[in-house]
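Asks: structure for this input, please:
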Amino acid sequence: MQNTQRLLVLLLTIGYIGSSCQSPNSSQTSTEETNEIDSVPAQEFLAAPLISHIYTADPSAHVFNDTLYIYPSHDIESDIPADDLGSQFAMRDYHVFSMTEMGSEVTDHGVALSVDEVPWADRQMWAPDAAYRDGTYYLYFPAKDEAGIFRIGVATSTSPTGAFAPNPAPIEGSFSIDPAVFQDNDEAYYMYFGGIWGGQLQRWESEQYVAEDTYPADDQPAISPKVARLTDNMLEFAEEPKDVMILDESGKPLKAGDNERRFFEAAWVHKYQDTYYFSYSTGDTHYIAYATGDNPYGPFTYQGVVLNPVLGWTNHHSIVEFNGQWYLFYHDAELSNGQTHLRNIKVTELTHRADGSIETTTP
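Replies: The predicted model follows:
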C-alpha cells in the first residue's frame, strides 16, 4: 500500500471514528455547502471516502491524457420507501471528478448531465460509464423512460468533464442498467450491461419487455449479463446483444440459486496479460466476484472474489491501471452511517498475483 493510502487509513481511524462528519446536501450541486450528519459507526475502514460534499456511488474510473477521471452516480435524499426494485435510488444527474495522481486533491467538475436535459429520460439515472474515441468523449447512462422501462443513453462532449450533450433517443435495442464500455487492443469497443431485480434484466428473457418479474429455478442457469460491440461512431450497437456466460469450475453455467457466485449487476471488464477479467456484483450476497476468459465475449470461468461486502447493501466497482499501479474503485455507505441509498466512493490498490488471480480486498 502506498504512503498516501496509509495516510488516508490513519486519518480515517483517527478523525472519522466517533466524530461528526460533513454530509452531502442532496438539493445542492455546489461544492461549498455541506450539512451535519451523525458520526460514523465505530469500525475501521480500509480507505476514506474520496468525496464528502455530495453522495456518490458506482464509480467508473478511466485514465484520459494522464489524468484519472471518475464517473459515478450521484445519490440524493429520497422519501421513496425502499424496495427490491431500488425505487429509493432517485438519482437525477452526474458529476465528473478527476485526480492528477493517486492521493492528490479530487476536483469536482460540477454537473456534467442532468435528467432534465435528456428528452427520453424520466427518472433514476443510475450507474454510468465513459469512453473516448477520435476526439470525442462519450457518457453512457441508464435511466427509466416515461413507461418506467430502463434504457441506456449516450451523451457526447469534447471534454472528459463535459458538459455532455445527450442523444435525443436511447441506444436502439438497449435495455436494463449498468453500461460498462471496454476498449480492446484492436480498437474495438464493447458494452457490457444488465442487472436483475430493479435492473429489469429478468423482464427481457423473452427478448421483449414483460412487465412482471420471472426468474429461473434455482437449479437452472442464472440470467446472463449482456454484451454488444459498439459501432465506429460509438452511438449504437453494431450487433444484437449476446449473453455473457459465466461458468463454474466444471465448465457449466452458474446456476440461478448460486447466489454467492451468479451475476446480479455491475459488470466491468479489464485486461491483464492477455486475459480478460469479467467482474461483477453478486447483489444480495454483496460480493464483487470475477471470472476470466480469452476473448471479450467469453465465456468466462468463475475464479473468486475481488471485494468482500461493504457497509451498505449495494456493491459496485471499477478496475483501472494508473501510473503503473492497478486500483479498485468501489463505494460504501460510511458517510451516511449505512443508509444504502446514500453512498460514497473509495479507492484502494488491487493486486494481480503471479498466477493471474486477484487478491481479495476486505473493505
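Asks: so, low pLDDT: which residues of the stretch 201-350 of the chain?
Replies: Applying pLDDT under 70 to the stretch 201-350 of the chain flags no residue at all.
Asks: quick one, strands of it?
Replies: Secondary structure of the stretch 201-350 of the chain (DSSP state E, counting those that start in this stretch): strands at 226-229, 242-243, 246-247, 265-272, 275-281, 288-293, 300-307, 317-322, 325-332, 344-349.
Asks: neighbours around the closest residue to Thr314 other than its chain neighbours, how many?
Replies: Of all residues not flanking Thr314 in the chain, Thr340 sits nearest, at 6.3 Å (CB to CB, 6 or more residues apart in numbering). C-beta coordinates here come from the backbone N, C-alpha and C atoms, glycine included. Using other CB atoms under 10 Å, Thr340 is surrounded by 17 other residues.
Asks: could you dump the strands of the stretch 201-350 of the chain to JSON lines with mean neighbour count and distance to Met99?
Replies: Converted to JSON lines, the strands of the stretch 201-350 of the chain look like this (neighbours: other CB atoms under 10 Å; distance: least, CB to CB, whole Å):
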{"stretch": "strand 226-229", "mean neighbour count": "21", "distance to Met99": "29"}
{"stretch": "strand 242-243", "mean neighbour count": "16", "distance to Met99": "35"}
{"stretch": "strand 246-247", "mean neighbour count": "22", "distance to Met99": "32"}
{"stretch": "strand 265-272", "mean neighbour count": "22", "distance to Met99": "19"}
{"stretch": "strand 275-281", "mean neighbour count": "23", "distance to Met99": "22"}
{"stretch": "strand 288-293", "mean neighbour count": "23", "distance to Met99": "22"}
{"stretch": "strand 300-307", "mean neighbour count": "20", "distance to Met99": "20"}
{"stretch": "strand 317-322", "mean neighbour count": "21", "distance to Met99": "9"}
{"stretch": "strand 325-332", "mean neighbour count": "22", "distance to Met99": "10"}
{"stretch": "strand 344-349", "mean neighbour count": "23", "distance to Met99": "9"}
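Asks: now distance to Pro363 too, for these, in TSV please.
Replies: Listed next are the strands of the stretch 201-350 of the chain as TSV, based on distance: least, CB to CB, whole Å:
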stretch	distance to Pro363
strand 226-229	28
strand 242-243	30
strand 246-247	23
strand 265-272	15
strand 275-281	13
strand 288-293	10
strand 300-307	6
strand 317-322	10
strand 325-332	6
strand 344-349	7
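Asks: quick one: which of those strands is nearest Tyr69?
Replies: strand 317-322 (9.8 Å; CB to CB).
Asks: can you name every helix or strand that the closest one contacts?
Replies: strand 55-64, strand 265-272, strand 275-281, strand 300-307, strand 325-332 (3 or more CB pairs under 8 Å, 6 or more residues apart in numbering; DSSP states H and E).
Asks: tell me which residues are up against it.
Replies: Contacts with strand 317-322, where a contact means CB atoms under 8 Å, 6 or more residues apart in numbering, come from 59-63, 68, 102, 180, 266, 268, 270, 277, 279, 281, 288, 306-307, 326-330, 350.
Asks: leaving out chain neighbours, which residue sits closest to Leu342?
Replies: Ser336 (3.7 Å).
Asks: repeat that for Pro299.
Replies: Pro299's closest residue in space is Met245 (CB to CB, 6+ apart), at 3.9 Å.
Asks: do the same with Val310
Replies: Asp332 (3.8 Å).
Asks: and the helices in this protein?
Replies: All helices of the chain, identified by DSSP state H, fall at 3-15.
Asks: the nearest residue to Thr275 once chain neighbours are set aside and Val269, how far apart?
Replies: With sequence-adjacent residues excluded and distances taken as CB to CB, 6+ apart, Thr275 is closest to Thr292, at 5.3 Å. As judged by CB to CB, to the nearest Å, Thr292 and Val269 stand 11 Å apart.
Asks: which neighbours do these two have in common?
Replies: The contact sets of Thr292 and Val269 overlap at Tyr276, Tyr277, Phe278 (CB under 8 Å, 6+ apart).
Asks: quick check: bridge partners of the residue nearest to Met99 when sequence neighbours are not counted?
Replies: Of all residues not flanking Met99 in the chain, Leu68 sits nearest, at 4.8 Å (CB to CB, 6+ apart). In this structure, Leu68 bridges to Val63, Met99 when assessed by DSSP bridges.
Asks: residues contacting Leu68?
Replies: Counting by CB under 8 Å, 6+ apart, Leu68 has contacts Ala61, His62, Ser98, Met99, Thr100, Glu101, Met102, Val320, Phe322.
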